[in-house]
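In: Fold the stuff below for me.
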Amino acid sequence: MLIETLDTARDLGRLKEILGVMVRHGFGDTVRRMGLADKLERAGQALNWTHAADLARVEPPAQVRMALEELGPTFVKFGQILAGRADLFGPEWIAEFEKLHSHVPAVPIEALRPQLREDLGGEPEDVFAWFDPTPLAAASIAQVHRARLHDGSEVIVKIRRPGIADTIHADLRLLQRLAALAEAELPSLKPYHPQELVREFARSLRRELDLAGECRQAERIASNLASLPHIVIARVHWAHTSERVNVQDFIDGVPGNALDALTPEAGFDRPLLARRGTQAMLKMILEDGVFHADPHPGNVFYLPGNRIAFIDFGMVGRLSERRRDDLLHLLLGLVQHQPQDVVDVLLGWTGDGPGVNVGQLETEIEAFVDQYHGVPLAQLGLGQMLADVSAILREHHLGLPSDLALLIKAFISLEGMGRNLDPGFHMATETLPLLRQMVRNRYQPKALTARAWSTLRRALVTVEQLPDDLARLLRNARRGKLQVGIELAHLKRVGDQIDRSANRLAMALVIAALIIGSSIVMTVKGGPTLFGLPAFGFLGFFGAVVCGLWLVRAIWRSSHHRDDE
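Out: Next comes the predicted model:
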(Lines give C-alpha, C1' and ligand atoms only; values in the text may rest on other atoms or scores of the structure.)
Protein backbone atom coordinates (compact mmCIF):
# COMPACT_ATOMS: atom_id res chain seq x y z
CA MET A 1 0.00 0.00 0.00
CA LEU A 2 2.88 2.34 0.84
CA ILE A 3 4.65 1.86 -2.48
CA GLU A 4 1.45 2.19 -4.52
CA THR A 5 0.74 5.63 -2.99
CA LEU A 6 4.19 7.21 -3.33
CA ASP A 7 4.03 10.63 -4.97
CA THR A 8 7.14 10.53 -7.16
CA ALA A 9 9.89 8.25 -8.42
CA ARG A 10 12.21 10.18 -6.11
CA ASP A 11 10.12 9.06 -3.12
CA LEU A 12 10.49 5.46 -4.29
CA GLY A 13 14.26 5.89 -4.54
CA ARG A 14 14.38 7.45 -1.07
CA LEU A 15 12.31 4.57 0.32
CA LYS A 16 14.78 2.10 -1.15
CA GLU A 17 17.60 4.07 0.49
CA ILE A 18 15.83 4.05 3.90
CA LEU A 19 15.11 0.32 3.74
CA GLY A 20 18.67 -0.36 2.58
CA VAL A 21 20.03 1.41 5.67
CA MET A 22 17.64 -0.58 7.87
CA VAL A 23 18.85 -3.85 6.33
CA ARG A 24 22.48 -2.83 6.66
CA HIS A 25 21.99 -2.08 10.36
CA GLY A 26 20.39 -5.41 11.20
CA PHE A 27 16.68 -4.67 10.73
CA GLY A 28 16.13 -6.82 7.64
CA ASP A 29 13.63 -9.01 9.48
CA THR A 30 11.53 -5.93 10.27
CA VAL A 31 11.58 -4.93 6.59
CA ARG A 32 10.41 -8.41 5.59
CA ARG A 33 7.66 -8.52 8.24
CA MET A 34 6.32 -5.21 6.96
CA GLY A 35 6.14 -6.74 3.47
CA LEU A 36 8.21 -3.96 1.91
CA ALA A 37 11.00 -6.05 0.40
CA ASP A 38 8.67 -8.00 -1.92
CA LYS A 39 6.77 -4.86 -2.91
CA LEU A 40 9.99 -3.04 -3.78
CA GLU A 41 11.12 -5.95 -5.96
CA ARG A 42 7.77 -5.94 -7.77
CA ALA A 43 8.29 -2.21 -8.35
CA GLY A 44 11.63 -2.96 -10.04
CA GLN A 45 13.80 -2.10 -7.02
CA ALA A 46 16.08 -4.51 -5.18
CA LEU A 47 17.68 -4.36 -1.76
CA ASN A 48 21.23 -5.43 -1.03
CA TRP A 49 21.09 -8.08 1.70
CA THR A 50 24.74 -9.14 1.54
CA HIS A 51 25.86 -7.11 4.57
CA ALA A 52 22.69 -7.53 6.59
CA ALA A 53 24.49 -9.28 9.45
CA ASP A 54 27.56 -7.02 9.63
CA LEU A 55 26.29 -5.21 12.75
CA ALA A 56 24.61 -8.20 14.40
CA ARG A 57 26.80 -7.87 17.49
CA VAL A 58 25.89 -4.22 18.06
CA GLU A 59 23.09 -3.61 20.58
CA PRO A 60 19.74 -2.53 19.03
CA PRO A 61 19.76 1.02 20.53
CA ALA A 62 23.19 1.69 19.00
CA GLN A 63 22.09 0.16 15.69
CA VAL A 64 19.07 2.47 15.55
CA ARG A 65 21.18 5.51 16.43
CA MET A 66 23.74 4.74 13.69
CA ALA A 67 20.95 4.14 11.17
CA LEU A 68 19.33 7.49 11.99
CA GLU A 69 22.67 9.29 11.60
CA GLU A 70 23.22 7.65 8.21
CA LEU A 71 19.73 8.61 7.01
CA GLY A 72 20.41 12.30 7.42
CA PRO A 73 18.98 15.48 8.99
CA THR A 74 15.28 14.54 9.17
CA PHE A 75 15.93 11.26 10.92
CA VAL A 76 18.58 12.73 13.21
CA LYS A 77 16.04 15.33 14.32
CA PHE A 78 13.50 12.54 14.84
CA GLY A 79 15.94 10.72 17.11
CA GLN A 80 16.60 13.91 19.06
CA ILE A 81 12.85 14.23 19.66
CA LEU A 82 12.76 10.60 20.84
CA ALA A 83 15.53 11.43 23.33
CA GLY A 84 12.89 13.34 25.30
CA ARG A 85 10.44 10.44 25.46
CA ALA A 86 11.52 8.69 28.66
CA ASP A 87 7.87 7.64 29.01
CA LEU A 88 8.26 5.43 25.90
CA PHE A 89 11.92 4.35 25.85
CA GLY A 90 14.24 2.89 28.45
CA PRO A 91 17.47 4.54 29.67
CA GLU A 92 19.69 2.62 27.23
CA TRP A 93 17.66 3.95 24.27
CA ILE A 94 17.55 7.52 25.62
CA ALA A 95 21.34 7.45 26.14
CA GLU A 96 21.86 6.51 22.48
CA PHE A 97 19.35 9.05 21.15
CA GLU A 98 21.12 11.79 23.12
CA LYS A 99 24.34 11.02 21.21
CA LEU A 100 22.72 11.92 17.90
CA HIS A 101 24.46 14.71 16.02
CA SER A 102 24.07 15.57 12.38
CA HIS A 103 27.57 15.71 10.90
CA VAL A 104 26.69 18.11 8.11
CA PRO A 105 29.38 20.19 6.38
CA ALA A 106 28.70 23.88 5.92
CA VAL A 107 27.26 25.07 2.61
CA PRO A 108 29.80 27.23 0.69
CA ILE A 109 28.80 30.88 0.56
CA GLU A 110 28.64 30.81 -3.25
CA ALA A 111 25.92 28.14 -3.09
CA LEU A 112 23.97 30.36 -0.66
CA ARG A 113 24.15 33.57 -2.70
CA PRO A 114 21.12 33.03 -4.99
CA GLN A 115 18.86 32.39 -2.00
CA LEU A 116 20.39 35.27 0.00
CA ARG A 117 19.86 37.69 -2.90
CA GLU A 118 16.16 36.75 -2.95
CA ASP A 119 15.71 37.02 0.83
CA LEU A 120 17.89 40.05 1.57
CA GLY A 121 17.25 41.97 -1.64
CA GLY A 122 20.92 42.14 -2.56
CA GLU A 123 24.36 40.72 -2.00
CA PRO A 124 25.12 40.18 1.73
CA GLU A 125 28.24 42.37 1.41
CA ASP A 126 26.01 45.24 0.25
CA VAL A 127 23.17 44.70 2.75
CA PHE A 128 25.57 44.54 5.70
CA ALA A 129 28.53 46.78 6.52
CA TRP A 130 30.52 43.57 6.99
CA PHE A 131 29.63 39.92 6.33
CA ASP A 132 31.81 36.94 7.26
CA PRO A 133 31.62 34.30 4.49
CA THR A 134 32.98 31.66 6.87
CA PRO A 135 30.14 30.19 8.98
CA LEU A 136 30.29 30.51 12.74
CA ALA A 137 28.31 27.25 13.15
CA ALA A 138 26.54 24.76 10.89
CA ALA A 139 23.65 22.42 11.65
CA SER A 140 21.28 20.21 9.70
CA ILE A 141 18.67 22.88 8.95
CA ALA A 142 20.60 26.15 8.97
CA GLN A 143 24.02 27.68 9.39
CA VAL A 144 25.08 30.90 11.09
CA HIS A 145 27.36 33.70 9.85
CA ARG A 146 28.54 36.80 11.66
CA ALA A 147 27.83 40.25 10.24
CA ARG A 148 27.68 43.94 11.16
CA LEU A 149 24.85 46.34 10.35
CA HIS A 150 25.50 49.80 8.97
CA ASP A 151 24.60 51.28 12.37
CA GLY A 152 27.46 49.28 13.94
CA SER A 153 25.32 46.54 15.56
CA GLU A 154 27.04 43.14 15.68
CA VAL A 155 24.58 40.47 14.45
CA ILE A 156 24.34 36.86 13.40
CA VAL A 157 22.70 35.83 10.12
CA LYS A 158 20.98 32.46 10.31
CA ILE A 159 20.45 30.99 6.83
CA ARG A 160 18.31 27.97 6.01
CA ARG A 161 20.06 25.40 3.83
CA PRO A 162 18.93 25.55 0.19
CA GLY A 163 16.56 22.72 -0.70
CA ILE A 164 16.36 21.42 2.88
CA ALA A 165 12.61 22.09 3.11
CA ASP A 166 11.84 19.86 0.10
CA THR A 167 14.06 17.10 1.48
CA ILE A 168 12.43 17.25 4.89
CA HIS A 169 8.87 17.33 3.50
CA ALA A 170 9.62 14.26 1.35
CA ASP A 171 11.12 12.40 4.32
CA LEU A 172 8.14 13.33 6.48
CA ARG A 173 5.75 11.89 3.87
CA LEU A 174 7.66 8.61 3.95
CA LEU A 175 7.93 8.60 7.74
CA GLN A 176 4.18 9.09 8.14
CA ARG A 177 3.42 6.20 5.78
CA LEU A 178 6.06 3.95 7.32
CA ALA A 179 4.66 4.69 10.79
CA ALA A 180 1.13 3.74 9.69
CA LEU A 181 2.42 0.53 8.09
CA ALA A 182 4.54 -0.34 11.13
CA GLU A 183 1.60 0.18 13.49
CA ALA A 184 -0.59 -2.08 11.34
CA GLU A 185 1.95 -4.85 10.65
CA LEU A 186 4.04 -4.89 13.84
CA PRO A 187 1.77 -5.11 16.94
CA SER A 188 4.81 -4.91 19.25
CA LEU A 189 5.27 -1.27 18.19
CA LYS A 190 1.74 -0.15 19.09
CA PRO A 191 2.62 0.85 22.69
CA TYR A 192 5.09 3.35 21.19
CA HIS A 193 2.33 5.07 19.13
CA PRO A 194 4.44 5.44 15.93
CA GLN A 195 1.90 7.56 14.05
CA GLU A 196 1.41 9.95 16.96
CA LEU A 197 5.18 10.30 17.38
CA VAL A 198 5.66 11.12 13.70
CA ARG A 199 2.79 13.65 13.73
CA GLU A 200 4.32 15.38 16.75
CA PHE A 201 7.73 15.37 15.09
CA ALA A 202 6.36 16.72 11.80
CA ARG A 203 4.70 19.67 13.58
CA SER A 204 7.90 20.46 15.46
CA LEU A 205 10.14 20.22 12.41
CA ARG A 206 7.87 22.35 10.20
CA ARG A 207 7.94 25.07 12.85
CA GLU A 208 11.73 24.82 13.00
CA LEU A 209 11.97 25.37 9.24
CA ASP A 210 10.31 28.79 9.63
CA LEU A 211 13.14 31.04 10.81
CA ALA A 212 10.78 34.04 11.11
CA GLY A 213 8.51 31.97 13.36
CA GLU A 214 11.51 31.23 15.57
CA CYS A 215 12.04 34.98 15.97
CA ARG A 216 8.39 35.55 16.86
CA GLN A 217 8.69 32.97 19.62
CA ALA A 218 11.90 34.61 20.86
CA GLU A 219 10.19 38.01 21.08
CA ARG A 220 7.20 36.54 22.89
CA ILE A 221 9.41 34.92 25.52
CA ALA A 222 11.51 38.09 25.82
CA SER A 223 8.32 40.05 26.55
CA ASN A 224 7.25 37.50 29.19
CA LEU A 225 10.66 37.69 30.89
CA ALA A 226 10.91 41.49 30.82
CA SER A 227 10.57 41.55 34.62
CA LEU A 228 13.85 39.59 34.93
CA PRO A 229 16.59 42.04 33.90
CA HIS A 230 19.30 39.38 34.25
CA ILE A 231 17.79 37.34 31.37
CA VAL A 232 18.82 38.33 27.84
CA ILE A 233 17.09 37.36 24.59
CA ALA A 234 18.72 38.51 21.35
CA ARG A 235 16.95 41.39 19.58
CA VAL A 236 15.48 40.57 16.14
CA HIS A 237 16.18 42.77 13.13
CA TRP A 238 12.95 42.33 11.18
CA ALA A 239 14.07 44.36 8.17
CA HIS A 240 16.32 41.44 7.18
CA THR A 241 14.25 38.53 8.56
CA SER A 242 12.05 36.14 6.58
CA GLU A 243 11.14 32.45 6.48
CA ARG A 244 14.57 31.38 5.17
CA VAL A 245 16.84 33.86 6.95
CA ASN A 246 16.81 35.72 10.26
CA VAL A 247 19.08 38.36 11.72
CA GLN A 248 19.53 38.79 15.47
CA ASP A 249 21.95 40.52 17.80
CA PHE A 250 25.22 38.67 18.30
CA ILE A 251 25.54 37.33 21.86
CA ASP A 252 29.11 37.68 23.10
CA GLY A 253 29.46 35.64 26.27
CA VAL A 254 30.75 32.44 27.82
CA PRO A 255 29.17 29.38 26.15
CA GLY A 256 27.18 27.11 28.46
CA ASN A 257 29.65 24.26 28.01
CA ALA A 258 32.72 26.38 28.92
CA LEU A 259 32.14 26.25 32.67
CA ASP A 260 35.84 26.59 33.53
CA ALA A 261 35.66 30.23 32.39
CA LEU A 262 33.00 31.06 35.00
CA THR A 263 35.45 32.01 37.74
CA PRO A 264 35.03 34.49 40.60
CA GLU A 265 38.01 36.40 39.19
CA ALA A 266 36.02 36.94 35.99
CA GLY A 267 33.10 38.23 38.07
CA PHE A 268 30.86 35.14 37.86
CA ASP A 269 28.84 33.68 40.73
CA ARG A 270 27.98 30.13 39.65
CA PRO A 271 25.35 29.37 42.35
CA LEU A 272 23.63 32.67 41.47
CA LEU A 273 23.64 31.75 37.77
CA ALA A 274 22.05 28.37 38.61
CA ARG A 275 19.28 30.06 40.60
CA ARG A 276 18.60 32.72 37.99
CA GLY A 277 18.43 30.21 35.14
CA THR A 278 16.03 28.04 37.12
CA GLN A 279 13.82 30.99 38.03
CA ALA A 280 13.60 32.03 34.39
CA MET A 281 12.72 28.52 33.16
CA LEU A 282 10.14 27.97 35.93
CA LYS A 283 8.52 31.31 35.09
CA MET A 284 8.30 30.32 31.42
CA ILE A 285 6.78 26.93 32.29
CA LEU A 286 4.51 27.61 35.26
CA GLU A 287 3.46 31.22 34.76
CA ASP A 288 3.66 31.95 31.03
CA GLY A 289 2.97 28.54 29.50
CA VAL A 290 5.52 29.13 26.69
CA PHE A 291 9.03 27.82 27.33
CA HIS A 292 12.37 27.08 25.69
CA ALA A 293 12.05 23.33 25.14
CA ASP A 294 15.75 22.63 24.57
CA PRO A 295 17.74 24.42 27.29
CA HIS A 296 20.98 22.49 26.81
CA PRO A 297 24.40 24.15 27.30
CA GLY A 298 24.76 24.91 23.58
CA ASN A 299 21.74 27.21 23.74
CA VAL A 300 22.86 29.20 26.78
CA PHE A 301 25.48 31.94 27.23
CA TYR A 302 26.67 33.53 30.48
CA LEU A 303 27.28 37.27 30.34
CA PRO A 304 29.05 39.79 32.62
CA GLY A 305 26.94 40.84 35.60
CA ASN A 306 25.79 37.22 36.07
CA ARG A 307 23.29 37.57 33.27
CA ILE A 308 22.07 34.64 31.19
CA ALA A 309 21.25 34.65 27.47
CA PHE A 310 19.03 32.04 25.80
CA ILE A 311 19.37 31.46 22.05
CA ASP A 312 17.75 29.22 19.39
CA PHE A 313 13.99 29.18 19.92
CA GLY A 314 13.33 26.69 17.14
CA MET A 315 11.90 24.23 19.67
CA VAL A 316 9.35 25.85 21.98
CA GLY A 317 6.91 24.10 24.30
CA ARG A 318 3.41 25.31 25.13
CA LEU A 319 1.22 24.52 28.13
CA SER A 320 -2.44 25.45 28.49
CA GLU A 321 -3.65 26.95 31.76
CA ARG A 322 -5.22 23.64 32.71
CA ARG A 323 -1.94 21.80 32.03
CA ARG A 324 -0.11 24.32 34.23
CA ASP A 325 -2.59 23.71 37.06
CA ASP A 326 -2.04 19.96 36.73
CA LEU A 327 1.74 20.42 36.65
CA LEU A 328 1.56 22.59 39.75
CA HIS A 329 -0.25 19.83 41.66
CA LEU A 330 2.08 17.14 40.30
CA LEU A 331 5.24 18.97 41.39
CA LEU A 332 3.77 19.82 44.79
CA GLY A 333 2.73 16.19 45.18
CA LEU A 334 6.28 15.00 44.43
CA VAL A 335 8.01 17.60 46.61
CA GLN A 336 5.57 17.41 49.54
CA HIS A 337 5.15 13.60 49.40
CA GLN A 338 1.45 13.51 48.47
CA PRO A 339 1.19 10.35 46.33
CA GLN A 340 -2.55 10.52 45.68
CA ASP A 341 -2.18 13.95 44.06
CA VAL A 342 0.51 12.50 41.76
CA VAL A 343 -1.69 9.52 40.85
CA ASP A 344 -4.71 11.71 40.09
CA VAL A 345 -2.74 14.02 37.80
CA LEU A 346 -0.98 11.22 35.89
CA LEU A 347 -4.17 9.23 35.32
CA GLY A 348 -5.83 12.43 34.10
CA TRP A 349 -2.99 12.90 31.61
CA THR A 350 -2.68 9.33 30.34
CA GLY A 351 -6.23 7.99 30.77
CA ASP A 352 -7.06 4.35 31.38
CA GLY A 353 -5.69 2.60 28.34
CA PRO A 354 -6.93 -0.85 27.29
CA GLY A 355 -5.45 -3.58 29.42
CA VAL A 356 -4.09 -1.12 31.99
CA ASN A 357 -4.33 -2.29 35.59
CA VAL A 358 -5.22 1.03 37.20
CA GLY A 359 -5.09 -0.38 40.72
CA GLN A 360 -1.56 -1.70 40.24
CA LEU A 361 -0.46 1.58 38.64
CA GLU A 362 -1.82 3.57 41.58
CA THR A 363 -0.05 1.25 44.03
CA GLU A 364 3.30 1.60 42.23
CA ILE A 365 3.14 5.39 42.02
CA GLU A 366 2.08 5.70 45.66
CA ALA A 367 4.97 3.42 46.71
CA PHE A 368 7.39 5.45 44.55
CA VAL A 369 6.38 8.79 46.10
CA ASP A 370 6.18 7.34 49.60
CA GLN A 371 9.81 6.17 49.47
CA TYR A 372 10.87 9.83 49.64
CA HIS A 373 8.86 10.46 52.81
CA GLY A 374 11.17 12.02 55.38
CA VAL A 375 13.91 12.74 52.82
CA PRO A 376 15.16 16.33 53.19
CA LEU A 377 14.08 18.66 50.42
CA ALA A 378 17.68 19.38 49.49
CA GLN A 379 18.24 15.70 48.69
CA LEU A 380 15.38 15.37 46.21
CA GLY A 381 16.31 15.19 42.53
CA LEU A 382 13.16 16.57 40.93
CA GLY A 383 14.25 15.89 37.35
CA GLN A 384 15.17 12.31 38.19
CA MET A 385 11.87 11.84 40.03
CA LEU A 386 9.98 12.94 36.90
CA ALA A 387 12.09 10.56 34.80
CA ASP A 388 11.32 7.69 37.22
CA VAL A 389 7.58 8.42 37.09
CA SER A 390 7.82 8.35 33.28
CA ALA A 391 9.50 4.93 33.54
CA ILE A 392 6.57 3.62 35.62
CA LEU A 393 4.15 4.84 32.96
CA ARG A 394 6.28 3.19 30.27
CA GLU A 395 6.07 -0.18 32.04
CA HIS A 396 2.27 0.11 31.91
CA HIS A 397 2.35 1.09 28.20
CA LEU A 398 1.06 4.57 28.97
CA GLY A 399 2.60 7.49 27.09
CA LEU A 400 2.44 11.12 28.10
CA PRO A 401 0.98 13.76 25.77
CA SER A 402 3.74 15.27 23.61
CA ASP A 403 3.71 18.69 25.31
CA LEU A 404 4.32 17.08 28.70
CA ALA A 405 7.07 14.79 27.43
CA LEU A 406 8.83 17.90 26.09
CA LEU A 407 8.36 19.57 29.48
CA ILE A 408 9.92 16.69 31.42
CA LYS A 409 12.90 16.72 29.06
CA ALA A 410 13.33 20.46 29.72
CA PHE A 411 13.15 19.86 33.50
CA ILE A 412 15.80 17.14 33.36
CA SER A 413 18.11 19.33 31.21
CA LEU A 414 17.57 22.27 33.55
CA GLU A 415 18.43 20.30 36.66
CA GLY A 416 21.55 18.91 34.97
CA MET A 417 22.74 22.40 34.02
CA GLY A 418 22.08 23.67 37.55
CA ARG A 419 24.13 20.85 39.06
CA ASN A 420 26.99 21.47 36.61
CA LEU A 421 27.07 25.13 37.64
CA ASP A 422 26.74 24.45 41.34
CA PRO A 423 27.15 20.93 42.82
CA GLY A 424 25.08 22.14 45.79
CA PHE A 425 22.16 23.13 43.55
CA HIS A 426 18.81 21.52 44.42
CA MET A 427 15.93 21.93 42.02
CA ALA A 428 13.30 21.02 44.63
CA THR A 429 14.60 23.68 47.03
CA GLU A 430 14.42 26.32 44.29
CA THR A 431 11.03 25.15 43.01
CA LEU A 432 9.01 24.81 46.21
CA PRO A 433 8.82 28.55 47.14
CA LEU A 434 7.67 29.41 43.61
CA LEU A 435 5.07 26.61 43.64
CA ARG A 436 3.66 27.81 46.96
CA GLN A 437 3.57 31.39 45.72
CA MET A 438 1.71 30.31 42.60
CA VAL A 439 -0.85 28.43 44.68
CA ARG A 440 -1.40 31.56 46.79
CA ASN A 441 -1.71 33.68 43.65
CA ARG A 442 -4.33 31.36 42.19
CA TYR A 443 -6.57 31.77 45.22
CA GLN A 444 -6.34 35.53 45.55
CA PRO A 445 -9.68 37.34 45.11
CA LYS A 446 -8.61 38.86 41.79
CA ALA A 447 -7.63 35.48 40.31
CA LEU A 448 -10.77 33.77 41.62
CA THR A 449 -12.93 36.54 40.16
CA ALA A 450 -11.23 36.26 36.78
CA ARG A 451 -11.74 32.48 36.64
CA ALA A 452 -15.36 32.80 37.78
CA TRP A 453 -16.04 35.42 35.11
CA SER A 454 -14.40 33.23 32.45
CA THR A 455 -16.55 30.25 33.49
CA LEU A 456 -19.71 32.41 33.52
CA ARG A 457 -18.90 33.81 30.07
CA ARG A 458 -18.52 30.30 28.62
CA ALA A 459 -21.80 29.26 30.27
CA LEU A 460 -23.59 32.30 28.80
CA VAL A 461 -22.27 31.48 25.33
CA THR A 462 -23.54 27.91 25.72
CA VAL A 463 -26.98 29.13 26.86
CA GLU A 464 -27.09 31.62 23.98
CA GLN A 465 -26.39 28.85 21.46
CA LEU A 466 -28.90 26.42 23.02
CA PRO A 467 -32.02 27.61 21.06
CA ASP A 468 -30.13 27.33 17.76
CA ASP A 469 -28.87 23.86 18.68
CA LEU A 470 -32.38 22.71 19.65
CA ALA A 471 -33.87 24.16 16.45
CA ARG A 472 -31.23 22.35 14.38
CA LEU A 473 -31.97 19.12 16.25
CA LEU A 474 -35.73 19.41 15.59
CA ARG A 475 -35.17 20.19 11.88
CA ASN A 476 -33.01 17.09 11.50
CA ALA A 477 -35.64 15.01 13.33
CA ARG A 478 -38.41 16.23 11.02
CA ARG A 479 -36.29 15.46 7.95
CA GLY A 480 -35.53 11.98 9.22
CA LYS A 481 -31.82 12.79 9.56
CA LEU A 482 -31.64 12.33 13.31
CA GLN A 483 -29.46 9.39 14.18
CA VAL A 484 -28.95 7.91 17.64
CA GLY A 485 -25.93 5.68 18.12
CA ILE A 486 -25.70 3.41 21.14
CA GLU A 487 -22.54 1.44 21.70
CA LEU A 488 -22.67 -1.39 24.21
CA ALA A 489 -19.63 -3.45 25.06
CA HIS A 490 -20.03 -7.21 24.41
CA LEU A 491 -23.51 -6.63 22.92
CA LYS A 492 -23.23 -9.69 20.64
CA ARG A 493 -22.33 -11.91 23.57
CA VAL A 494 -25.29 -10.65 25.57
CA GLY A 495 -27.59 -11.22 22.57
CA ASP A 496 -26.35 -14.80 22.20
CA GLN A 497 -27.01 -15.46 25.87
CA ILE A 498 -30.55 -14.08 25.59
CA ASP A 499 -31.15 -16.21 22.47
CA ARG A 500 -30.01 -19.39 24.25
CA SER A 501 -32.15 -18.60 27.27
CA ALA A 502 -35.21 -18.08 25.05
CA ASN A 503 -34.60 -21.43 23.35
CA ARG A 504 -34.41 -23.20 26.71
CA LEU A 505 -37.55 -21.49 27.92
CA ALA A 506 -39.38 -22.59 24.77
CA MET A 507 -38.14 -26.17 25.29
CA ALA A 508 -39.34 -26.09 28.89
CA LEU A 509 -42.80 -25.02 27.70
CA VAL A 510 -42.83 -27.88 25.15
CA ILE A 511 -41.86 -30.37 27.90
CA ALA A 512 -44.61 -29.01 30.16
CA ALA A 513 -47.14 -29.30 27.31
CA LEU A 514 -46.07 -32.90 26.60
CA ILE A 515 -46.44 -33.88 30.26
CA ILE A 516 -49.88 -32.28 30.59
CA GLY A 517 -51.09 -33.66 27.24
CA SER A 518 -49.78 -37.14 27.98
CA SER A 519 -51.45 -37.12 31.37
CA ILE A 520 -54.82 -36.32 29.74
CA VAL A 521 -54.32 -39.04 27.12
CA MET A 522 -53.57 -41.57 29.87
CA THR A 523 -57.07 -41.08 31.31
CA VAL A 524 -58.80 -41.83 27.99
CA LYS A 525 -59.83 -45.50 27.57
CA GLY A 526 -59.42 -47.33 24.31
CA GLY A 527 -57.00 -46.91 21.50
CA PRO A 528 -53.64 -48.60 20.90
CA THR A 529 -51.52 -49.61 23.89
CA LEU A 530 -47.81 -49.98 24.52
CA PHE A 531 -46.57 -52.00 27.52
CA GLY A 532 -50.17 -52.00 28.72
CA LEU A 533 -50.39 -48.18 28.63
CA PRO A 534 -52.03 -45.90 26.11
CA ALA A 535 -49.47 -45.65 23.31
CA PHE A 536 -49.81 -41.88 22.66
CA GLY A 537 -49.60 -41.06 26.36
CA PHE A 538 -46.49 -43.25 26.76
CA LEU A 539 -44.76 -41.69 23.77
CA GLY A 540 -45.58 -38.21 25.08
CA PHE A 541 -44.02 -38.98 28.49
CA PHE A 542 -40.98 -40.54 26.80
CA GLY A 543 -40.46 -37.42 24.64
CA ALA A 544 -40.79 -35.21 27.73
CA VAL A 545 -38.09 -37.24 29.53
CA VAL A 546 -35.70 -37.02 26.56
CA CYS A 547 -36.28 -33.27 26.18
CA GLY A 548 -35.88 -32.81 29.93
CA LEU A 549 -32.52 -34.60 29.92
CA TRP A 550 -31.33 -32.40 27.00
CA LEU A 551 -32.41 -29.27 28.88
CA VAL A 552 -30.62 -30.33 32.09
CA ARG A 553 -27.44 -31.10 30.11
CA ALA A 554 -27.55 -27.70 28.31
CA ILE A 555 -28.00 -25.82 31.59
CA TRP A 556 -25.15 -27.78 33.23
CA ARG A 557 -22.77 -27.08 30.30
CA SER A 558 -23.59 -23.36 30.34
CA SER A 559 -22.95 -23.13 34.07
CA HIS A 560 -19.69 -25.07 33.74
CA HIS A 561 -18.51 -22.74 30.91
CA ARG A 562 -19.15 -19.62 33.07
CA ASP A 563 -17.14 -21.12 35.92
CA ASP A 564 -14.19 -21.68 33.58
CA GLU A 565 -14.30 -18.04 32.48
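
In: for the helix or strand harbouring Leu393, which positions count as buried?
Out: Under the criterion of DSSP states H and E, Leu393 resides in helix 382-395. For helix 382-395, burial by neighbour count (16 or more other CB atoms under 10 Å) applies to 382-383, 385-387, 389-390, 392-394. C-beta here means a position set from N, CA and C on the backbone, and glycine is covered the same way.

In: Kindly report the same for stretch 325-345.
Out: Buried-residue list, stretch 325-345, by 16+ other CB under 10 Å: 325-335, 337-339, 341-345.

In: Would you point out which residue is most central in the protein?
Out: Nearest to the mean C-alpha position of the chain, counting by CA atoms, centre = their mean, stands Ser402 at 3.0 Å.

In: And that residue, how far from Ser413?
Out: Using CB to CB, to the nearest Å, Ser402 is found at 17 Å from Ser413.

In: same deal with Ala405?
Out: Relative to Ser413, Ala405 is positioned 13 Å away (CB to CB).

In: How about the contacts made by Asp288?
Out: Shown in contact with Asp288 (CB atoms under 8 Å, 6 or more residues apart in numbering): 221, 224.

In: cool, and Arg113?
Out: So Arg113 contacts 123-124 (CB under 8 Å, 6+ apart).

In: Can you give me the pLDDT of it?
Out: If you check Arg113, the pLDDT there is 94.

In: Also the one 5 residues further on?
Out: At Glu118 the predicted local distance difference test score is 94.

In: Show me what secondary structure element comes after the helix or strand that contains it.
Out: For Glu118, the host element (DSSP H and E) is helix 109-120. Going down the chain from helix 109-120, the next helix or strand is helix 124-127, by DSSP H and E.

In: By mean pLDDT, point me to the weakest helix or strand of this protein.
Out: When the helices and strands of the chain are compared on mean pLDDT, DSSP states H and E, helix 36-42 comes out lowest with a mean of 55.

In: Spatially, which two of the buried residues of helix 382-395 are the most separated?
Out: Farthest-apart pair in the buried residues of helix 382-395 is Leu382 and Arg394; separation 18.9 Å (CB to CB).

In: Show me what the helix holding Leu393 is packed up against.
Out: Here helix 382-395 touches helix 321-335, helix 339-350, helix 358-370, helix 402-421, helix 427-442, going by 3 or more CB pairs under 8 Å, 6 or more residues apart in numbering; DSSP states H and E.

In: Which strands and helices lie in contact with the last one?
Out: Based on contacts counted as 3+ CB pairs under 8 Å, 6+ apart, the elements that helix 427-442 packs against are helix 270-282, helix 321-335, helix 382-395, helix 402-421.

In: wait, which of the ones you listed is closest to Leu551?
Out: The closest of the helices and strands packed on helix 427-442 to Leu551 is helix 382-395. By CB to CB, the value is 49.6 Å.

In: Would you state the strands of the stretch 151-300 of the chain in chain order?
Out: Remark: strands assigned in the stretch 151-300 of the chain by DSSP state E, counting those that start in this stretch are 154-160, 231-233, 245-249, 254-255, 290-292, 300-303.

In: Ok, which of those strands comes nearest Ile511?
Out: strand 290-292 (75.7 Å).

In: Do me a favour and average the pLDDT over that closest one.
Out: Across strand 290-292, pLDDT averages out at 89.

In: Could you give the separation of it from the chain centroid?
Out: 17 Å (CA atoms, centre = their mean, to the nearest Å).

In: Run through the neighbouring helices and strands of it.
Out: Contacts defined by 3+ CB pairs under 8 Å, 6+ apart place strand 290-292 against helix 211-224, strand 316-318, helix 402-421.

In: Nearest approach to Arg318 belongs to which of the strands of the stretch 151-300 of the chain?
Out: Ranking the strands of the stretch 151-300 of the chain by their distance to Arg318 (criterion: CB to CB) puts strand 290-292 first, at 5.6 Å.
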